[in-house]
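S.K.: task: produce atomic coordinates for the following.
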Amino acid sequence: MLNPKSILLYLGLVFFAGVAHAAEWELAKDADNIKVFTAVIAGSDYKAFRGETIIKAELNQLMAVLDDTANFVQWMYNCRAPKLLYKASLLDRYQYLQNDFPWPAKDREMILRNEISQDPQSRVTTVKLSSVVADKLPLAAQQSLPSVDGVVRMGEVNGFFELTPLGANQTKVVFQLHLDPGGGLPSGLVNSQIVDNPYETLKALRTQAARPKYANFNPF
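M.R.: Modelled structure (predicted):
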């Protein structure tokens, strides 16, 4: 369980979570014990998505998967070339990711900050995801940032993973995200395809969480 210092970070995310849950969510898919919802976001042409499922794994097993940036290609939908840019602490890290987009669209890249918090009573753990402008990165992250030709940097990205322990070996997982893919992609095309992202991601996360390599991670 996190130490008391993390409580401040948790409280700082309460407003974020409240805003994120304020959208009008519509069920778009319900299969394989995974529910996917979409929502219209004020001021954006692009919808947000939200995936929910229950995974037979302890909280720390799932956090171990989320901590392993290099392995994102095995479960994050259409993820390519993931790289950990800088890990300031267990609770704060910066990542570089590419997303494979179908031709003729160019692939996308994003720089994400992960800020982790935990409610000390319920152990509900949140990994806040937010985009970062390159020149606002810590120096160590800037020095690790790859320079890639032929890709489009995504606009604003905001979302989270929320993990709620339901018992010794069950965890409810919520994956929510809203992003601007950049490059002027038609919103109708993007919105018609966003359901696959949380569905395929959560489906593959189940498999990854069961791997023995993630069994002994237990800071949460």
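S.K.: who are the packing partners of the helix ranked longest in the chain?
M.R.: Longest helix of the chain, by residue count under DSSP state H: helix 196-209. Here helix 196-209 touches strand 34-39, strand 48-55, helix 59-67, strand 170-179, going by 3 or more CB pairs under 8 Å, 6 or more residues apart in numbering; DSSP states H and E. The way it works is simple: take the backbone N, C-alpha and C, and place the C-beta from them, glycine included.
S.K.: next, format those as CSV and append distance to S117.
M.R.: As requested, those are exported to CSV (distance: least, CB to CB, whole Å):
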stretch, distance to S117
strand 34-39, 23
strand 48-55, 19
helix 59-67, 12
strand 170-179, 14
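S.K.: these: which one's closest to S144?
M.R.: helix 59-67 (17.0 Å; CB to CB).
S.K.: quick check: the closest residue in space to S144 that isn't next to it in sequence vs P138, distance?
M.R.: Computed as CB to CB, 6 or more residues apart in numbering, the closest residue to S144 that is not its neighbour in sequence is L85, at 4.4 Å. Using CB to CB, to the nearest Å, L85 is found at 9 Å from P138.
S.K.: same check, this time on L27
M.R.: In terms of CB to CB, L27 sits 40 Å off from P138.
S.K.: so how far is stretch 104-119 from its chain's centroid?
M.R.: In terms of CA atoms, centre = their mean, to the nearest Å, the centre of stretch 104-119 is found 7 Å from the chain centre.
S.K.: give the buried residues for it.
M.R.: 105, 107-119 (16 or more other CB atoms under 10 Å).
S.K.: next one: stretch 91-108
M.R.: Neighbour counts over stretch 91-108 (16+ other CB under 10 Å) mark 91, 93-99, 101, 105, 107-108 as buried.
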